[in-house]
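Q: from the sequence below, what's the structure:
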Amino acid sequence: MPSFTIESTYRLPVFRHRTYEAATAEDACQLAIQDDDWQGRKEDHENGGATYLTGIWPGVDSAYTVPALALPPGFSEGKCPPTTTGTESVAPPAAPLMPRCRHCGSADICRDANAMWDETAQTWSLFATYDSQTCQRCGADSNNLALWVPVAEAGSATAFLWDVIQRLQTTSLAWDAEFQRFCTESHGQLTTEEAAARWRSAAAA
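A: Model prediction:
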């Protein structure tokens, strides 16, 4: 099952008590607003604001290290989360994700599993899946091999980017702005082999 790193936020009121000498109450209020000295401030934990979300990323501990996903409607500041009926949530489905090898970028990942013979269906039926994952392309194997990223539409610049990454076997390039721009400009102009060779040449220069 995919994992997501979510940044949750709430606003905490901070206040101070300070005496001002002024001709009128309005003048005193103006002095308080203009006062930038917050020494002795206090935090009002009992009246903190509602929790809202300020970021979501695919993967474990992935905040600000991979491209952020779009927050589903209703979870940003000032919005109401989708209502639920009983235990059933009516939130819209999340954007589809897919696993890629965090070593080479390939989508050809297998996961260890166990199957049992189904006498009725006369076929092997999936019984359980296990944490161990293996990349069929580079042979990497671990319990945290899969890098969950948004599904790239076939023939798109994003799909081309991942094809080039597989040639280069450097997944960190997926979040490199210069590499993203290079792949966008090369999409439809170069083959993945040509783009990978050109990028290697530029990087070595």
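Q: scan this structure for its longest strand.
A: When the chain is parsed with DSSP state E, its longest strand is strand 123-135.
Q: next one: that one to chain centre, how far?
A: Averaged C-alpha coordinates place strand 123-135 at 26 Å from its chain's average position (C-alpha atoms, centre = their mean, to the nearest Å).
Q: now the spatially most central residue of the chain: closest residue in space, sequence neighbours ignored.
A: By C-alpha atoms, centre = their mean, the mean C-alpha position of the chain lies nearest to residue 57, the distance being 1.2 Å. Once flanking residues are discounted, residue 57 sits nearest to residue 5: 4.7 Å by C-beta to C-beta, 6 or more residues apart in numbering. Heads up, the C-betas are built off the backbone N, CA and C, glycines and all.
Q: please point out which parts of whichever strand or helix holds the one you found sit buried.
A: Using DSSP states H and E, residue 5 maps to strand 4-9. When burial is assessed from 16 or more other C-beta atoms under 10 Å, strand 4-9 yields the following buried residues: residue 5.
Q: what are the pairing partners of the helix or strand following that strand, and which direction each?
A: As assigned by DSSP H and E, the chain's next helix or strand after strand 4-9 is strand 14-15. Paired with strand 14-15 in the same sheet, following DSSP bridges, are strand 42-43 (antiparallel).
Q: by contact count, what packs against whichever helix or strand comes after the partner strand?
A: Moving toward the C-terminus from strand 42-43, the next helix or strand (DSSP H and E) is strand 52-58. Applying 3 or more C-beta pairs under 8 Å, 6 or more residues apart in numbering; DSSP states H and E, one finds that strand 52-58 contacts strand 4-9, strand 146-150.
Q: this protein: helices as residue ranges?
A: Using DSSP state H, the helices of the chain run over 25-34, 157-168, 177-186, 192-204.
Q: for those, which one sits closest to residue 109?
A: Of all the helices of the chain, helix 157-168 sits nearest to residue 109, with 12.4 Å by C-beta to C-beta.
Q: may I have stretch 21-31 as PDB, with CA atoms only?
A: Provided in PDB are the C-alpha atoms of stretch 21-31 (Å, rounded to 0.1, in the frame of the first residue of the first chain):
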ATOM      1  CA  GLU A  21       0.500  55.900  27.700                       C
ATOM      2  CA  ALA A  22      -1.700  57.800  25.200                       C
ATOM      3  CA  ALA A  23      -4.200  60.600  25.000                       C
ATOM      4  CA  THR A  24      -7.000  58.300  23.800                       C
ATOM      5  CA  ALA A  25      -7.800  54.600  23.700                       C
ATOM      6  CA  GLU A  26      -7.500  54.700  19.900                       C
ATOM      7  CA  ASP A  27      -4.000  56.200  20.200                       C
ATOM      8  CA  ALA A  28      -3.000  53.400  22.600                       C
ATOM      9  CA  CYS A  29      -4.300  50.800  20.200                       C
ATOM     10  CA  GLN A  30      -2.200  52.400  17.400                       C
ATOM     11  CA  LEU A  31       0.900  52.200  19.600                       C
END
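Q: I appreciate the help and will end here.
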